[in-house]
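> sequence unknown, structure follows:
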């Protein structure tokens, strides 16, 4: 497994500004967290996806390709850092 933290640099109020992803050996997201400007933290896994948040339907590719795009700043993080965010986040539609 690999764990990513991606800052998305944009001015959209309704889109997340930080994405956390747990990436499997096959390159697909296993779990995802989205942080929004208003502080909301939403999470998704294969059993909990909504129109608001879901896992990528294609492999994510190398993190270097994501980091090379000017609208993203991407880093590999530890599993512990990912788990901390996962435990703070909630599934979409649940309080």
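Yep, that arrived. Keep in mind that what you see is a predicted model, and the values were worked out from it rather than measured.

> which residues of this structure fall in strands?
With DSSP state E as the criterion, the chain has strands at 2-8, 18-23, 29-35, 41-45, 72-77, 90-91.

> what's the second one in contact with?
Just to be clear, that refers to strand 18-23. 1-8, 29-35, 56, 60, 77, 82, 85-86 (CB atoms under 8 Å, 6 or more residues apart in numbering). Bear in mind the C-beta positions are built from the backbone N, C-alpha and C, glycine included.

> PyMOL command to pick out the buried ones of those?
Here is the PyMOL command that picks out the buried ones among those, judged by 16 or more other CB atoms under 10 Å:
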select buried, resi 2+3+4+5+6+8+29+30+31+32+33+34+35+60+77+82+85+86
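
> next, the angle from the lengthiest helix in the chain to strand 41-45.
As assigned by DSSP state H, the longest helix anywhere in the chain is helix 79-88. Counting by axes from the mean of the first three to the mean of the last three CA atoms, to 10 degrees, helix 79-88 lies at 110 degrees to strand 41-45.

> flag every buried residue along helix 79-88.
82, 85-86.

> turn these into CSV, columns for distance to residue 20 and pLDDT.
Output for the buried residues of helix 79-88, formatted as CSV (distance: CB to CB, whole Å; pLDDT from 0 to 100):
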residue, distance to residue 20, pLDDT
82, 6, 98
85, 5, 97
86, 8, 98
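
> looking at those, spot the one nearest residue 48.
residue 86 (11.8 Å; CB to CB).

> so where's this protein uncertain?
94-95 (pLDDT under 70).

> go again with 80.
93-95 (pLDDT under 80).

> so residue 31 sits against residue 43, correct?
Yes: Residue 31 lies in contact with residue 43 (CB atoms under 8 Å); the separation is 6.8 Å.
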